[in-house]
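Visitor: Dropping the sequence and predicted coords here.
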Amino acid sequence: MVKRAFETGNGHPQTMVELLSHQVERISDKFAYRFLAEGEEETDTLTYGGLFLRAQKIGALLQKKNLQGERALLLYQPGLDYITAFFGCLFAGVIAVPAYPPRNNRNLPRLQAIIEDAQASVALTSENLHEKIQSMFSGETRLQQLSLLATDGNLDEYTSLWRYPQISSDYLAFLQYTSGSTGSPKGVMVSHGNLIHNLSLIYQGFAMNEDSIGIIWLPPYHDMGLIGGLLEIIYAGACTVFMPPAAFLQRPVRMLEAVTRYKGTISGGPNFTYELLVDKTTEEMRSTLDLSSLQIVFNGAEPVRYETLQRFLTTFAPYGLRREALYPCYGLAEGTLYVSGSESHKEIAVASFDKKALERNEMLVSEDPDTSRILVSSGHFFGDQIVKIVNPETRIECPPEGFGEVWVKGASIAKGYWNRPEESRKTFQATLADSGDGPYLRTEDLAFIKDGELFIAGRIKDLIIIRGVNYYPQDIERVVERCHPSLRPGCGAAFSIDVNGEEQLVVAHEVEFRENPDIHQVAAAMQRTIAEEFEVQLYGLVLIKPGHIPKTSSGKIQRYAAKLGYLNNDLEILSTWRIETSPVQDATSASVPTPNLPVSNITQAELERWLVEKISLELHLPSHQIDVNQPFTRYGLDSAKAVLLAGDLQQLLGVSLPATLVYNYPTIAELAKYLVSGDMQPSSPSTAVTAPEGIRGETVQHDDLLTDIQKLSEEEAALLLLQRISEND
């Protein structure tokens, strides 16, 4: 049985509307949310009663427009307006479609693809974004047809008009569009019943109660931030303190400062969260922290690395972090969110295996540190959810501790993909070949179960996950094949490899017949194209003979075979290129020297040299390869690192800088010239986030550059970051 937070007079809540109604009867005046718009000072709060009242008003507005059953796009910056609009949709029986608000026209194709797939008839937003979005939509016929409503104004006239919607546990709550390919995003159909069940699993896995306090920075547009960060506390009757992703990225210690200030019990993010917290905090920053209140520090959305956990624990144990608080977990959007997690208050389980064997999807126990890879358990299963390890070819369950695909069955499994019956059947309706048992969700994640613990070891599919951001290889292949005339269209493979514990992008590509191009010229063109299109760095390139890229009999690229060929050096290679790395490989073991001048007297040339060395260190590039007049994107500076760079400059100069700085001044020369111009305003290094004069109204709470996080996450994400516990799209 699933451990539940409570029972209502009519049993367990069947819908999110019923859930919030019940909590309001009990704890109407309790704070559900505290918002830190700039990552530090509390700028807004919302009680359970306040959330219910606002959801009623927005719900009544949507009911008046006869929108029940329709899909409504949610276009908001992170904050309370997004939360109230989401619940407003639930209160009206409108199917919410969370999405990133567009930053510019470059973001519109993906948004338009979501609108067309969901057949959305209305978009909800805030008054401060309404005019900007309307202007951006004006050039696209389909977008012009979308009704645009602002929900953060005075809606008192709707106070008494709300009527309880005719919905049940099977009614769709929202469509979770998975990250990745811009051409065909898939909307996972999540019902009220799916949400309630998954929230109950998280409640049990996290050992939550009404005194739990979440500290969240994750993007609210995807499952990890939305469900795990913002909705779970409603189920638990607890409170969440949250900040925009940009505030965390610009100064990662803000997450731990909030834990200290609010005595947070739960926090976390993808694996790179912990890399940032180690790399981007100083001893001085850590000296004021008290992390003893933390009971759950969850880690998901990308492979959980043992080395990262050890570094994080070693760095922050002196400030109260307990080993038992570390909480690796696993899940995916198709399962609503949560599938498995560590048992709270217990140390995580690990196992060591031969690296080469794992690349072949085989398990060979090895304790040799030079040839082994330590896998971290993603915990075990709670409640009534059933998980099996199945041979993906025969569809027969593997023997105990056998290696195969993760199949999941239970009430958390979503209804399928919106308007994609065939894909839904293949993914959500799998049955075991010998017994007919089902239906199961096929995750396409490869794993084994040992002593009741789930160890994720790889993927069937070719999805590339770098820094928590998902990339479809076919998207990368489609772009790079046009970057140089010597490359054969349709004959390239993009994949990732593990380099010192971090995933890196590699491309293997055929050349045209009788062509033997200079690989450095091809690599330069490919680097630039990939950086500009995807904001990710190319690590390696191999040019191979025509007709020798691995393909199936039907002509499909076999990316995994190409990856093995690259690793084993048995492709028909013409030439090989790998990014020339700087002598300093570990950003934690070195830092960029401060210019030998008082900060107030730094010259443009001095600052340019500092920026070159900083980017060299962060991107592992030789400084001589960095041209101060070339765009940052050419070198693979992604959104996450751009925000971090702004934070580092803010600390160096002691002035207020926006998270958007690198996008407004896209080369080292332009940025250095602006920074020495004298137009900036001094500020406290710990609180400087407001934009200086010359940057039009861009502050952290209005930053929407992080559409990759995960990408959160689309993969971001990075985070970003987003996004979330491993997507399998």
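Guide: All right, it came through fine.
Visitor: So for stretch 500-509, mean pLDDT?
Guide: Mean pLDDT, computed over stretch 500-509, is 89.
Visitor: List the buried residues in it.
Guide: For stretch 500-509, the neighbour count (16 or more other C-beta atoms under 10 Å) marks 502-509 as buried. (Each C-beta comes from the backbone N, C-alpha and C, glycine too.)
Visitor: right, and out of the residues you listed, which lies closest to Phe632?
Guide: Nearest to Phe632 among the buried residues of stretch 500-509 is Leu505, at 17.6 Å by C-beta to C-beta.
Visitor: What does the closest one show for phi and psi?
Guide: The phi/psi pair for Leu505 (degrees, to the nearest 10) reads phi -90, psi 130.
Visitor: Helix, strand, or coil at the residue lying farthest from the centre of the chain?
Guide: Here the centre of the chain is the reference, and by C-alpha atoms, centre = their mean the most remote residue is Arg514, at 43.1 Å. Per DSSP: H, G, I helix; E, B strand; the rest coil, the local secondary structure of Arg514 is coil.
Visitor: distance of it from Arg488?
Guide: Noted for Arg514: a distance of 12 Å to Arg488, by C-beta to C-beta, to the nearest Å.
Visitor: How about Leu574?
Guide: Plainly put, Leu574 is 12 Å away from Arg488 if you go by C-beta to C-beta.
Visitor: Could you tell me which residues touch both of the two?
Guide: Common neighbours of Leu574 and Arg488, counting by C-beta atoms under 8 Å, 6 or more residues apart in numbering, are Val511.
Visitor: I'd like the distance from the longest strand belonging to the chain to the chain centre, please.
Guide: If each strand of the chain is counted by residues according to DSSP state E, the longest one is strand 487-499. For strand 487-499, the separation from the chain centroid amounts to 23 Å (computed by C-alpha atoms, centre = their mean, to the nearest Å).
Visitor: Counting by contacts, list what it packs against.
Guide: Helices and strands touching strand 487-499, by 3 or more C-beta pairs under 8 Å, 6 or more residues apart in numbering; DSSP states H and E, are strand 464-466, helix 473-480, strand 502-511, strand 538-544, helix 559-568.
Visitor: got a list of what Ile579 touches?
Guide: Counting by C-beta under 8 Å, 6+ apart, Ile579 touches 537-540, 620-621.
Visitor: out of those, who's nearest Gly49?
Guide: Looking at these and their distance to Gly49, the nearest is Gln537, at 48.6 Å (C-beta to C-beta).
Visitor: Tell me, how many residues neighbour the nearest residue to that closest one once chain neighbours are set aside?
Guide: In space, and not counting its chain neighbours, Gln537 is closest to Gly636: 2.9 Å by C-beta to C-beta, 6 or more residues apart in numbering. Residues lying near Gly636 (other C-beta atoms under 10 Å) number 25.
Visitor: I'd say Phe382 and Asn198 touch.
Guide: No. Counting by C-beta atoms under 8 Å, Phe382 does not reach Asn198; the two are 10.5 Å apart.
Visitor: Those two: which is more packed in?
Guide: A count of neighbours by other C-beta under 10 Å puts Asn198 above the other of Phe382 and Asn198, at 31 against 20.
Visitor: Quickly find the element holding that one.
Guide: In this assignment (DSSP states H and E), Asn198 forms part of helix 192-205.
Visitor: Send me that helix as PDB with only the CA atoms.
Guide: Written as PDB, here are the backbone C-alpha positions of helix 192-205 (Å, rounded to 0.1, in the frame of the first residue of the first chain):
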ATOM      1  CA  HIS A 192      -5.100  14.100 -11.700                       C
ATOM      2  CA  GLY A 193      -4.800  10.500 -10.500                       C
ATOM      3  CA  ASN A 194      -1.300  10.200 -11.900                       C
ATOM      4  CA  LEU A 195      -0.300  13.300 -10.000                       C
ATOM      5  CA  ILE A 196      -1.900  12.300  -6.700                       C
ATOM      6  CA  HIS A 197      -0.300   8.800  -6.800                       C
ATOM      7  CA  ASN A 198       3.200  10.100  -7.700                       C
ATOM      8  CA  LEU A 199       3.000  12.800  -5.000                       C
ATOM      9  CA  SER A 200       2.200  10.000  -2.500                       C
ATOM     10  CA  LEU A 201       5.200   8.000  -3.600                       C
ATOM     11  CA  ILE A 202       7.500  11.100  -3.200                       C
ATOM     12  CA  TYR A 203       5.900  11.800   0.200                       C
ATOM     13  CA  GLN A 204       6.900   8.300   1.300                       C
ATOM     14  CA  GLY A 205      10.300   8.200  -0.400                       C
END
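Visitor: Need the contact partners of the helix or strand harbouring Met255.
Guide: Assessed by DSSP H and E, Met255 sits inside helix 253-262. Here helix 253-262 makes contact (C-beta under 8 Å, 6+ apart) with 34, 36, 39-40, 213, 215, 217, 241, 243, 247-248, 264, 267, 273, 277, 280-281, 285-286, 288-291, 293-294, 316.
Visitor: Weed out the non-buried ones from those residues.
Guide: Buried members of these, counted by 16+ other C-beta under 10 Å: 34, 36, 39-40, 213, 215, 217, 241, 243, 247-248, 264, 267, 273, 277, 280-281, 285-286, 289, 291, 293-294, 316.
Visitor: Among these, which lie within strands?
Guide: Per DSSP E, strands hold the following members of these: 34, 213, 215, 241, 267.
Visitor: now those as TSV including distance to Ser412 and pLDDT?
Guide: Formatted as TSV, those follow (distance: C-beta to C-beta, whole Å; pLDDT from 0 to 100):
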residue	distance to Ser412	pLDDT
Arg34	28	98
Ile213	25	98
Ile215	25	99
Val241	26	99
Ser267	23	98
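Visitor: List the buried residues for the helix holding Met255?
Guide: Neighbour-count burial for helix 253-262, counted by 16+ other C-beta under 10 Å, picks out 253-260, 262.
Visitor: For Glu397, state which of the residues you listed is nearest.
Guide: Distance to Glu397, by C-beta to C-beta, is smallest for Met255 among the buried residues of helix 253-262, at 40.8 Å.
Visitor: My reading is that Leu73 lies in a strand. Confirm?
Guide: Yes. When three-state DSSP is applied, Leu73 is found to be in a strand.
Visitor: so who does it touch?
Guide: Counting by C-beta under 8 Å, 6+ apart, Leu73 touches 97, 99, 111, 114-115, 118, 120, 122-124, 146.
Visitor: Keep only those of the residues you listed that are in strands.
Guide: 97, 99, 122-124.
Visitor: Tell me which of the residues you listed has the lowest pLDDT.
Guide: Looking at the ones in strands among the contacts of Leu73 by pLDDT, the weakest one is Ala99, with 91.
Visitor: Quick check: bridge partners of that one?
Guide: Leu75 (DSSP bridges).
Visitor: ok, now how distant is it from Ala457?
Guide: Per C-beta to C-beta, Ala99 is found 33 Å from Ala457.
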